[in-house]
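Q: model this:
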Amino acid sequence: MYRAGYPFTSVELQSMVHHGALRHMMADVYVEAQLTQTAELRAAAAYALLNSTLRRRGVLCGETAAWVHLGTAPPDRVTVIAQGTALRQIASAGRWQLHQITVDDEHVEDVGTMRTTTALRTAADLFCGFGVRGFRQALDRITAVSPGWSRTEEMLQHWPTVKLPLRGRDEDISAIGAEDQQFIQRRWHLIAQLSRRFRLDADELADTVLGTLSRTSWDARRRDRVRQLLDQCVSRRLPTVR
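A: Sure, this is the predicted structure:
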């Protein structure tokens, strides 16, 4: 596994990728091309980008954890739960996206050299907006666009074919721009992939979402709403999901 610097420069590493000797993993991390793509290898690539504190105490989460589990396109930066770690203890914290949220041991697993949220907790975090790029609001709380319809439902009905924003940002301060919409569609897509790949139970996932969003009270109506949206996300009844 190599990073730009010693013994190779970034240009040399990219040249070796071009000639088939290396494969790009994420950021400035490269591995020998013959190594098999595994969750452990992807976790090791993320590990290489962290400092010693986060390697010991951090947990990969959100889009980074989804990449580790699924092998989809790598995220722009490593997303980490830094539970119980003061930001002042982490030099150059801006290099990573950190979340100081609670995660139970049952929702963490060792993947090679790095602790990572389980597929279940990863899908829940994506729903809640932890470890994601752009628009970080919980997916069930996106502003409604018309009576009886939420913006989430509107996007699900069109996902993933809609490319333009449903309404221009200049028309309404709460409207979602094109870039945010793409980020949200990516979250739905990752949740659906995790649910199918790991056969996640929709009821357990909805419970995990509510447990993550609110640890002091239980909102049965919100839980039902989350469960309904998860069904819509994964269901093949959606016209654009094949």
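
Q: CA atoms for contacts and neighbours, from now on please.
A: Noted.

Q: now stretch 25-39: buried residues?
A: Neighbour counts using 16 or more other CA atoms under 10 Å place M25, M26, A27, D28, V29, Y30, V31, A39 of stretch 25-39 among the buried residues.

Q: farthest pair in these?
A: D28 and A39 (18.2 Å; CA to CA).

Q: contacts only, for the spatially most central residue of the chain.
A: Central residue of the chain (CA atoms, centre = their mean): E63, 2.0 Å from the mean position. For E63, the contact set (CA atoms under 8 Å, 6 or more residues apart in numbering) comprises P75, T79, T122, L126, G131, V132.

Q: ok, now R222?
A: L210.

Q: tell me the SS of it?
A: Under DSSP: H, G, I helix; E, B strand; the rest coil, the three-state class of R222 is helix.

Q: offset the numbering so it begins at 766, please.
A: New numbering, starting at 766: the last item is R987.

Q: which strands or helices does the longest helix along the chain pack on?
A: In the chain, taking DSSP state H as the definition, the longest helix is helix 943-962. Applying 3 or more CA pairs under 8 Å, 6 or more residues apart in numbering; DSSP states H and E, we find helix 943-962 packed against helix 827-835, helix 884-893, helix 985-999.

Q: list the buried residues for it?
A: By neighbour count on 16+ other CA under 10 Å, the buried set for helix 943-962 is 943, 945-960.

Q: correct me, but D968 touches V991?
A: No: D968 is beyond contact range of V991, at 9.5 Å (criterion: CA atoms under 8 Å).

Q: the more surrounded of those two?
A: V991 (24 against 16; other CA atoms under 10 Å).

Q: relative to D841, how far out is the more buried one?
A: From V991 across to D841, the span is 28 Å (CA to CA, to the nearest Å).

Q: and what of D945?
A: Following CA to CA, the distance that separates D945 from D841 is 15 Å.

Q: now swap in D793 and tell me
A: Taking CA to CA, one finds D793 at 11 Å from D841.
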